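Below: sequence and its predicted model.
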Amino acid sequence: MSWINKLQKRWNVTAFQVFIILVVFACTGFTIMFLKKPIVGFFAPDGNKSLLFSILYYILILPVYNIVLLIYGFIFGQFKWFWEFEKRFFARMTGRAKRKQSNA
């Protein structure tokens, strides 16, 4: 079984949707990567990033990444899949997924 078939089965989508979903993740990653340089340049014009800046950047980039992911998901016609993905992701992060499983 190929890795594409495994993703198809895991995500319950077609092979074409697997391709589109992977493209959306790639576009989101590149967008965040390209946004980092101007953000760092604005807040640290001399190029010296403080530890506080680095910590805040990595904390605040998570919601930005997720918003960009939903935007690209919408552009590529996979918003519903990415919206469900985001809900599962945040449920795992907040621990709600574990509480639901233990109550069942």
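Perfect, I can see it now. The structure displayed is predicted, hence computed values, not measured ones.

Longest helix in this structure, please.
The longest helix of the chain (DSSP state H) is helix 15-43.

mind listing what's buried in it?
Residues of helix 15-43 classed as buried: 17-18, 20-21, 24, 27-28, 31 (neighbour count, 16 or more other C-beta atoms under 10 Å). (Each C-beta comes from the backbone N, C-alpha and C, glycine too.)

which one of these is nearest Phe85?
In terms of C-beta to C-beta, no member of the buried residues of helix 15-43 lies closer to Phe85 than Ile21, at 8.6 Å.

returning to that earlier point: would you format the buried residues of helix 15-43 as CSV with pLDDT and distance to Lys37 included?
Shown next, in CSV, are those (pLDDT from 0 to 100; distance: C-beta to C-beta, whole Å):
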residue, pLDDT, distance to Lys37
Gln17, 95, 32
Val18, 95, 31
Ile20, 97, 28
Ile21, 96, 27
Val24, 97, 22
Cys27, 97, 17
Thr28, 97, 17
Thr31, 96, 12
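
which among those residues gets closest to Lys6?
After measuring these against Lys6 - C-beta to C-beta - the closest member comes out as Val18, at 9.5 Å.

what's the spacing between that closest one and Glu86?
18 Å (C-beta to C-beta, to the nearest Å).

Kindly report the same for Leu51.
Taking C-beta to C-beta, one finds Leu51 at 30 Å from Glu86.

ok, those two, which is more surrounded?
Glu86 (15 against 7; other C-beta atoms under 10 Å).

In contact with that one, which residues?
66, 69-70 (C-beta atoms under 8 Å, 6 or more residues apart in numbering).

change it to 6 Å
Neighbouring residues of Glu86 by C-beta atoms under 6 Å, 6 or more residues apart in numbering: Asn66.

All further residue positions should be reported with the first residue as 442.
Got it, first residue is 442 now, which makes that one Glu527.

And it, what's its pLDDT?
On the pLDDT scale, Glu527 is placed at 93.

May I ask which helix or strand encompasses it?
helix 520-535 (DSSP states H and E).
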